[in-house]
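**Student:** Test case, fold it:
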Amino acid sequence: MEIVKRRLAALLLAATLTGCSAPPEGAEPQPMQPAERSLFAMNTYMTFTAYGNGASAALERAAAQIGEVEALWSVTREDSEIYRANHSGGQAITVSEETAALVAFALEMARKTDGALDPTIYPVLAAWGFTTDSKQVPSQGQIDSLLAQVDYRRIELDGTGLTVPAGMQLDLGAVGKGYTADLVTQTLREAGVESAILSLGGNIQAIGSRPDGTDWRIGIRAPWEEGNLGVLEISNAAVVTSGGYENYFEDEAGTRYWHILDPATGAPADSGLQSVTIIGEEGRLCDALSTALFVMGAEKAEAYWRENGGFDMLLVTDEGEVILTEGIATRFSLRDGRTETVRVLAA
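**Tutor:** Numbering: from 1, shown residues only. The predicted model follows:
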């Protein structure tokens, strides 16, 4: 929980978020009061701030919605659809349209990233102890045995019929929070909310701009350090960062092992990147790509961006270089005192 809270504090810069409602003639403009909601769900701490009439009621509906989808997608709750699929012995089960849509998206992103994102990696992740408090380095034999059951191409989805082969486990954690952020955004927009900032365990989703019309200022954490690398200014966008520092442990020799695994090796991805931040319109896409591009490394991430487009990215390399795509080049600024080299990728 402390790691989540520190990350949240780093992402949401302390700022006075004010706007002006229509005051009586001659009166001073009054700050627009925010509606706020926080909860713990999907194994992370979430905070929402929204402005406008009906914002408070909309946030309550959003909180209820999160509880509903978590009950569908949890990999550990025995009554969830994903748990039932994972423990069906290879038999097809009928799932909800929401679950089918998320599974379809996860499989699509697995195909597009050539398996750099693989939603069947969960058993290997569990062997490393990243799903529990007992982190450990599994034997190579154990990893090899589990990798034999990692292959997104074997998952079958026919409409709302989902089949997970016996011995495999499907986990939607790499896309679930982003997909949920999109659902919450839709709920708030339908309620008339035009200004909101949502944090789902560090997945940031901005609805509109701040009430005063300026961009939201999002702090991008400096990998393996306290404090921010810099500030990103955005409106109407999702911002998702993945980095090894979010969940890791060290062995007796001081070697670090982090939770972002390379599906090709079953070991922590050693791609030359320290963090990946994806900026785009959809939280689900940003969530998926922040993990996949971390696994790919800078060169393949650039190639993927040039081939597919539809998002911006900020990469921090092991050498301390910051690589930006041109769409956010003027929206990101290093914190005073930082000495990283910044390189901009032009389309």
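
**Student:** only C-alpha atoms for contact and neighbour calcs from this point on.
**Tutor:** Will do.

**Student:** who touches the closest residue to residue 169 other than its chain neighbours in this structure?
**Tutor:** Distances taken as C-alpha to C-alpha, 6 or more residues apart in numbering place residue 86 nearest to residue 169, at 5.1 Å, with adjacent residues excluded. Applying C-alpha atoms under 8 Å, 6 or more residues apart in numbering, one finds that residue 86 lies in contact with 164-166, 168-170.

**Student:** List only buried entries from the residues you listed.
**Tutor:** 164-165, 168-170 (16 or more other C-alpha atoms under 10 Å).

**Student:** ok so, going back, what about the contacts of residue 86, which are in helices?
**Tutor:** Cross-referencing these against helices under DSSP state H gives no overlap.

**Student:** Can I get those residues in a markdown table including distance to residue 341?
**Tutor:** Shown next, in a markdown table, are the contacts of residue 86 (distance: C-alpha to C-alpha, whole Å):
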| residue | distance to residue 341 |
| --- | --- |
| 164 | 46 |
| 165 | 47 |
| 166 | 49 |
| 168 | 43 |
| 169 | 41 |
| 170 | 39 |
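
**Student:** quick one: which of these is nearest residue 39?
**Tutor:** residue 170 (25.3 Å; C-alpha to C-alpha).

**Student:** Correct me if wrong: that closest one contacts residue 125.
**Tutor:** No - using C-alpha atoms under 8 Å, residue 170 is not in contact with residue 125; the gap is 11.8 Å.

**Student:** ok so, going back, pipe the buried ones among the contacts of residue 86 into a markdown table and attach pLDDT and distance to residue 141 per row.
**Tutor:** Formatted as a markdown table, the buried ones among the contacts of residue 86 follow (pLDDT from 0 to 100; distance: C-alpha to C-alpha, whole Å):
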| residue | pLDDT | distance to residue 141 |
| --- | --- | --- |
| 164 | 98 | 24 |
| 165 | 97 | 22 |
| 168 | 97 | 17 |
| 169 | 97 | 19 |
| 170 | 98 | 22 |
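
**Student:** and the two most separated of these?
**Tutor:** Greatest spatial distance among the buried ones among the contacts of residue 86 (C-alpha to C-alpha): 165 and 170, at 9.6 Å.

**Student:** Can you pick out the most distant pair from the contacts of residue 86?
**Tutor:** Using C-alpha to C-alpha, those reach their maximum pairwise distance at 166 and 170, which is 11.0 Å.

**Student:** So, low pLDDT: which residues of the chain?
**Tutor:** By pLDDT under 70, the low-scoring segments of the chain are 1-31.
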